[in-house]
Every structure is written in C-alpha cells, then in structure tokens.
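[1] Give me a model of this one.
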Amino acid sequence: MNRERITISFLAEDADIIEHLQQIKTERTISSYIRHLIRQDMLANPPINNLEKLAEVIASKLSNGNLNISPIQETSTQTVSLEDKLIIDNLF
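    The predicted structure is shown next:
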C-alpha cells in the first residue's frame, strides 16, 4: 500500500483548531479524522464536471430560492466640468 504524505500547517490564531485536534488525538489518529472529513466533503459536494449538470444545479438553486445574488451596484462616475478644471488650474 502506497502512502501519500501531506504536511498541514497551522497559524498562531488557529489555537482552537489545534486544541480540537489534541482532543481528537485521544480517540483516533489525526490522519483518519482528516480522511473522514475529506470523504464527507466529497460526498456532500461532488465536483461538477460538465456544463449541463452545472446549469441544472444553478437552475435548481435559483428556482428554490437557495441562491443569494446581491444586486450589482453601479459605480457613479463624476466628471469635472471645464469651468472646474480652469479654477483648479488657476489655483496651482
């Protein structure tokens, strides 16, 4: 059986995660815990590899109201009038 090694790093602000992993370590190995979490993620969110399936998922979410799309806000562009430009030029 071939094993693949992957290194995972935690930052100082991840102290809560590290503490949780220390507790998990008393029950089972961290490796088995992470494999279990990855499998759960794969089953819950299978990758969508074709456009037709992607369109179905999007249409389903839109029809069920499960997709929140924030409206695009138009950016206002302000223009400086020729008179204002002349005033600014005269100041400098």
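
[2] which intervals of the chain have sub-threshold pLDDT?
    Within the chain, the set of residues satisfying pLDDT under 70 comprises 46, 65-77, 92.

[3] and if we set it to 90?
    The model of the chain has pLDDT under 90 over residues 1-10, 12, 17, 24, 30-31, 35-92.

[4] OK, contacts around residue 90?
    Contacts here follow CB atoms under 8 Å, 6 or more residues apart in numbering; on that basis residue 90 touches nothing. C-beta here means a position set from N, CA and C on the backbone, and glycine is covered the same way.

[5] Report the secondary structure element holding it.
    Using DSSP states H and E, residue 90 sits within helix 82-91.

[6] Kindly export that helix (C-alpha atoms) in PDB.
    Output in PDB follows, covering the C-alpha atoms of helix 82-91 (Å, rounded to 0.1, in the frame of the first residue of the first chain):
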ATOM      1  CA  LEU A  82     -14.400  72.600 -17.900                       C
ATOM      2  CA  GLU A  83     -15.100  75.500 -15.600                       C
ATOM      3  CA  ASP A  84     -14.000  73.500 -12.500                       C
ATOM      4  CA  LYS A  85     -10.800  72.400 -14.400                       C
ATOM      5  CA  LEU A  86      -9.900  76.100 -15.100                       C
ATOM      6  CA  ILE A  87     -10.500  77.000 -11.500                       C
ATOM      7  CA  ILE A  88      -8.200  74.200 -10.300                       C
ATOM      8  CA  ASP A  89      -5.600  75.100 -12.900                       C
ATOM      9  CA  ASN A  90      -5.600  78.700 -11.700                       C
ATOM     10  CA  LEU A  91      -5.100  77.600  -8.100                       C
END
